[in-house]
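Participant: I would like the atomic coordinates for the input below:
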Amino acid sequence: MSDAFYTSSAHAFEDVEVGTPAEAGPSSMGDASSSLDAAFDISNTAQLILDGGFKTIGLQFPDELLPSSVAVYRALQARIAPSGAQAYVLADSTYGACCPDILSCLHLPADLLVHYGHACLTPTDAIPVHYVFPRQTLDVSAAAAALKDASASEFEGEGGKRGALVVWDVAYDWLADEIQGAFTDWPVPVSFATIQRPSLVPAGEGITTAPSGCRGKQDAGATSACCTSKEQGATSLCENGGAASSCCSSAAPANPASSKGKGKAPALRSLTPPPGIAISDTVLFYLGPEGRSLLNLQMNHATNSVYAFSAQGAWAVHPTSSRLLSRRLFALHSAMSADVFGLVVGNVGLASSRALVAELREALKLAKKKSYTLSVGRLNPAKLANFAEIECFVLIGCAEGGVVDSKDFLRPIITPWELTLALKGKAGVWDPSAWTLDLNAALDEATAVVASERAAGEGDESDNESELEFSLVTGAYRTRKVFGAAAKEETREGGTEVALRNDNMSLAKLESAGSMFLQTRTFQGLEPRYGLDEPAMLEQGRTGVARGYTEEKK
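Facilitator: As a prediction, the model looks like this:
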């Protein structure tokens, strides 16, 4: 018999050679010479838990850090146990390792999440999150010199760029002071995209952000963010532990969220150019490996020159963004020809996701299009293929997982900002410099689209819903499907019949997305045969289990 679907019992008596286990310890966080406490920030994390009075803590590890999870859990639990706090290890995240797994924490339920490893820095609002980033090594002086040589031509001449902005991977955040000190002797002003840390405020009291360090360097031609002022009623905590990658964090009262979940959360990293210089007149420098973070930086700033530095050296990466955005333009045209949309919520814990979903649903409703809201966890083609009636999906995800370019999916997947542009129709203008994955920016666009549709919808009597539209994707004309249309009623005098009519007085037809798709299918299910077969008497069926029913044992 084949062993494809079962394991033979003889294997239990075989002496199997166990391979070398995965290395667990500081080296998995990128610094083999440091201790477990320093690599995973255990002392500072334990102190934050004790000071905040948290009792249930979730420890989220990505797959590559799972070998270290047991050692980190034991070291942390030993320090917080006297206060009655309990930590739990979270693995196999619901959506992606870069995002805080808020859903798993709510199942515990946990009042604090400690996120280890690489992070996308997308704000969350459900529970406080403490980030522990990897600690990769970097020759900062060599990186600054290489980037200066590679981009020398960008600042020359009258049309040269007037400023520079330095962005680094989260694994180099512990070297932020050295990075800012290395970019001092430059011909133009330099600013730094400092990572903001969310304050550890107990649930229900609001969450704010604070700079990741008091880096008060104001060198000639350089600017940096520094937490030098305290708001009224705010408390500050400053620790100079060697394991911590930041020296200051503040907890300030935040405005309570509205009952509808609307409002924007502060960004954990903002790219601000030097004072008096526009972002379009700035050269971007990225310190880190080639990956999704660099790709997002290119696409969000398609008109800027981007230079990156990694172990392989410095190189210019800006020419590739136009090709990437061309694929997004094709997906956008597909969305303009779609009438049934699926709003896929990737991570339920994102700060602006609920408000954004509400605005997008309202915008689609006003545009007389059908929308479904889905939450499927990690995306794959098989999951989305189950919703065959949906013509276009809108992924509401984090900054590093919000773009899906795979050709394996049957339907196009667009971003929320692309949906707002598609709903504008002919009035929308494709601007590569405005393309963004920021949920707050998409929320502003969606709110503006809803306001414009409400202002123009009721007063526009010339909108012909049966007008043919030309699709640039298929190269053919199509008729718009109308869902939830406010049809006009016409009652003839002296009669009781009511007809639904369009502006051209033709009979209107209210469409159902499910029924219309069912009619186009070749197989529509088993034949119902209602009233064609005579009723039969009920009979008692088999009893027992499949290996031996009752009548078979006799």
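Participant: Run a quick neighbour tally on residue 316.
Facilitator: Residue crowding around residue 316 was assessed by other CB atoms under 10 Å; the count is 14. Where C-beta positions appear, they are placed from N, C-alpha and C, glycine not excepted.
Participant: is it in a bridge, and if so with what?
Facilitator: Counting by DSSP bridges, residue 316 forms beta bridges with residue 307.
Participant: Surely it is in contact with residue 150?
Facilitator: Yes. At 6.6 Å, residue 316 counts as touching residue 150 under the criterion of CB atoms under 8 Å.
Participant: what touches both of those two?
Facilitator: Residues touching both residue 316 and residue 150 comprise residue 307, with contact defined as CB atoms under 8 Å, 6 or more residues apart in numbering.
Participant: How many neighbouring residues does residue 112 have?
Facilitator: Number of residues near residue 112 (other CB under 10 Å) recorded here: 25.
Participant: OK, contacts around it?
Facilitator: Residues near residue 112 by CB under 8 Å, 6+ apart: 49, 52, 54, 56, 57, 58, 127, 128, 129, 130, 200.
Participant: Return the subset of the residues you listed lying in helices.
Facilitator: Counted as lying in helices by DSSP state H, out of those, are 49, 52.
Participant: With respect to residue 280, which of the contacts of residue 112 is nearest?
Facilitator: Distance to residue 280, by CB to CB, is smallest for residue 129 among the contacts of residue 112, at 32.8 Å.
Participant: Might you report the residue contacts of the closest one?
Facilitator: Counting by CB under 8 Å, 6+ apart, residue 129 has contacts 100, 112, 113, 114, 115, 198.
Participant: what does residue 148 give?
Facilitator: Counted by CB under 8 Å, 6+ apart, residue 148 has contacts residue 186.
Participant: same thing with residue 416?
Facilitator: Contact partners of residue 416, counting by CB under 8 Å, 6+ apart, are 356, 360, 394, 396, 439, 442, 443, 445, 446.
Participant: Present the residues you listed as TSV; the columns should include secondary structure, neighbour count and distance to residue 123.
Facilitator: As requested, those are exported to TSV (DSSP: H, G, I helix; E, B strand; the rest coil; neighbours: other CB atoms under 10 Å; distance: CB to CB, whole Å):
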residue	secondary structure	neighbour count	distance to residue 123
356	helix	27	12
360	helix	26	19
394	strand	30	20
396	strand	25	14
439	helix	28	8
442	helix	24	14
443	helix	24	12
445	helix	23	18
446	helix	26	17
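Participant: what's the helix or strand for the residue nearest to the spatial centre of the chain?
Facilitator: Taking CA atoms, centre = their mean, the centroid of the chain lies closest to residue 398, which sits 1.1 Å from it. Under the criterion DSSP states H and E, no helix or strand holds residue 398.
Participant: Assess the claim that it and residue 97 are in contact.
Facilitator: No. Applying CB under 8 Å, one finds residue 398 not in contact with residue 97, separated by 10.7 Å.
Participant: What segments of the stretch 301-450 of the chain are helices?
Facilitator: Ranges of helices within the stretch 301-450 of the chain are 321-336, 353-366, 381-385, 416-423, 439-457, based on DSSP state H, counting those that start in this stretch.
Participant: Off-centre distance for the longest one?
Facilitator: Read it as helix 439-457. 20 Å (CA atoms, centre = their mean, to the nearest Å).
Participant: pLDDT below threshold where in the protein?
Facilitator: Of all residues in the chain, those with pLDDT under 70 make up the ranges 1-28, 30-33, 199-265, 318-322, 457-467, 485-520, 524, 553-554.
Participant: Measure how buried the nearest residue to residue 441 once chain neighbours are set aside is and give me the count.
Facilitator: Excluding its sequence neighbours, the residue lying closest to residue 441 (CB to CB, 6 or more residues apart in numbering) is residue 417, at 6.7 Å. Residues contacting residue 417 under the criterion other CB under 10 Å number 24.
Participant: so how far is residue 29 from residue 417?
Facilitator: Computed as CB to CB, to the nearest Å, the residue 417 to residue 29 distance reads 34 Å.
Participant: got it, and residue 295?
Facilitator: Distance, residue 295 to residue 29, using CB to CB: 24 Å.
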